[in-house]
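>>> The amino acid sequence is not available; the structure is as follows:
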């Protein structure tokens, strides 16, 4: 009998690569195997042109700082997401210093982060947000301006052609970054393979079953090259298969997945690679979603750095496909429906009619109407300079809250089996940017008996591990400075 795999990673994206790298550092002798259904890693959600290509750190994303009923700004989620991103940066810095990530500019580059709004109410909101964040140690360097000349110096595309009587405002943090999670995933996977991990490409996993006798997981599927079946056994399984994770976790039979459903949403963006246009916009600029629109609809005009080349993306525009992966099946959404989640799916849909209406209006929008949204950011933009690309599929989580009410949950969520031998990740943004803290939390849940032994190594990899970085100004400042130096970016 073949010796069981210690860690089986299903899916060749940034989550699997991150978890595998963490565990390989903690337990170098463990046997790790990756099963990826496509012919290469990072071709779905971790691709830089799909959903995982920005580096969410809450420096500019306004949906992380909602306005309370009393008019004050709630910065709780922004601080949380930013601190999570700092944890990811610490781990990447450790890997750079160890030579695992030899050239950080292949995956992370300095790109300022901005928020930009217009209209009296939105300007007032942004000013209050600035006041709420400017003295926080994780948001040091935040600038605010209502001066068109200043804003133009930050991001020249935003001003030409705009009405002079329009009230505008912007914030900016020069120390923002752009992250190519596709490149990061590839390098991390290469490091795993160099350390002895098995990378099985074109391996489509179709079944997961745990033996009551041995406690081992049997992984079955087929190699799409030649359509030959395969089978493996593993002590621990992580399902990091993007939108397909829901289906595989359902097939595993673990009770923790009961009641979960998923709703797929396609993302589309306008893109330009014209060097003259790209040179006029060196920033990630996030606006404010229209009243009643879901968080996923927040418009943004982003500088992207992929393979050393800069492009601009604007969006997102929502689309619909029943597929749970960009390369998935037209039957994915139907295959995910079970007796235990059908009430959740229907209930979540009925209580989120605004999301349904948003999707309908997005699907019916003409190219001209879509382009007008870009011109609200860049008034001088010309339609012939931009082309539409389809990004990845997001599968929004449908579940019941603590009171049993069906909800759509925006974000990511780890589902862990009771015995800790299987775990999977559902959901979307901020996702990849917070991969390291998500995987650290998952490790603590799945390997509680190992945590005391692993603590010294974890402290070395992530010096702020277990601490409140946001609550310690001196430590936050030194951490940001240290990781910036290691990663070759500005602090």
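That came in fine, so what should we check first? Worth saying up front: this structure is predicted, and the values here are computed from it rather than measured.

>>> buried sites along stretch 231-248?
232-248 (16 or more other C-beta atoms under 10 Å). C-betas here are computed from N, CA, C, even on glycine.

>>> for stretch 74-84, same thing?
Using 16+ other C-beta under 10 Å as the test for burial, stretch 74-84 gives 75, 77, 78, 79, 80, 81, 82, 83, 84.

>>> How about stretch 403-416?
For stretch 403-416, using 16+ other C-beta under 10 Å, the buried residues are 406, 407, 408, 409, 410, 411, 412, 414, 415, 416.

>>> sorry, back to before: including pLDDT, secondary structure and distance to residue 11, could the buried residues of stretch 74-84 go into a markdown table?
What follows is those, written out as a markdown table (pLDDT from 0 to 100; DSSP: H, G, I helix; E, B strand; the rest coil; distance: C-beta to C-beta, whole Å):
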| residue | pLDDT | secondary structure | distance to residue 11 |
| --- | --- | --- | --- |
| 75 | 97 | coil | 33 |
| 77 | 93 | helix | 27 |
| 78 | 95 | helix | 29 |
| 79 | 95 | helix | 30 |
| 80 | 93 | helix | 25 |
| 81 | 92 | helix | 23 |
| 82 | 94 | helix | 27 |
| 83 | 94 | helix | 26 |
| 84 | 93 | helix | 21 |
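
>>> for the residues you listed, which one is nearest residue 315?
residue 81 (20.3 Å; C-beta to C-beta).

>>> show me what contacts the closest one?
Residue 81 makes contact with 56, 57, 58, 61, 64, 430, 433, 434, according to C-beta atoms under 8 Å, 6 or more residues apart in numbering.

>>> which is the next helix or strand following whichever strand or helix holds residue 246?
In the assignment (DSSP states H and E), residue 246 maps to helix 245-252. Later in the chain than helix 245-252, the nearest helix or strand by DSSP H and E is strand 261-272.

>>> can you give me the helices in the chain?
For the chain, applying DSSP state H gives helices covering 14-26, 76-97, 120-133, 148-154, 181-194, 245-252, 275-278, 332-335, 342-350, 353-364, 367-377, 435-446, 451-461, 473-487.

>>> Quick check: which of the ones you listed is buried the most?
Mean neighbour count, computed with mean count of other C-beta atoms under 10 Å, is highest for helix 14-26 among the helices of the chain, reaching a mean of 26.

>>> Residue 16 is in contact with residue 34, correct?
Yes. With contact defined as C-beta atoms under 8 Å, residue 34 counts as touching residue 16 (6.1 Å).

>>> Now the common contact residues for the two.
By C-beta under 8 Å, 6+ apart, the residues touching both residue 34 and residue 16 are residue 9.

>>> Check the contacts of residue 81 for the minimum pLDDT and say which it is.
Ranked by pLDDT, the contacts of residue 81 bottom out at residue 430, which has 64.

>>> Model confidence score at the residue minimising distance to the centre of the chain, please.
Closest residue to the average C-alpha location of the chain: residue 431 at 2.7 Å, with C-alpha atoms, centre = their mean. As predicted, residue 431 sits at a pLDDT of 77.

>>> Would you quantify the distance from it to residue 46?
Distance of residue 431 to residue 46, computed by C-beta to C-beta, to the nearest Å: 9 Å.

>>> repeat for residue 157
Here residue 157 is placed at a distance of 28 Å from residue 46 (C-beta to C-beta).

>>> do residue 409 as well
According to C-beta to C-beta, residue 409 and residue 46 sit 21 Å apart.

>>> now do residue 222
From residue 222 to residue 46 the distance is 23 Å (C-beta to C-beta).

>>> So between those two, which is more surrounded?
Legend: neighbour count by other C-beta atoms under 10 Å for residue 222 and residue 46, higher for residue 46 (31 against 16).

>>> Go ahead and confirm the more buried one touches residue 181.
Yes. Between residue 46 and residue 181 there is a contact under C-beta under 8 Å: 5.0 Å.

>>> Just name the closest of the buried residues of stretch 403-416 to residue 127, please.
residue 410 (26.0 Å).

>>> So what's the gap between stretch 369-378 and the chain middle?
From the chain centre to the centre of stretch 369-378 is a distance of 25 Å (C-alpha atoms, centre = their mean, to the nearest Å).

>>> I meant to write stretch 240-252 there.
Here stretch 240-252 shows a centroid-to-chain-centroid distance of 17 Å under the convention C-alpha atoms, centre = their mean.
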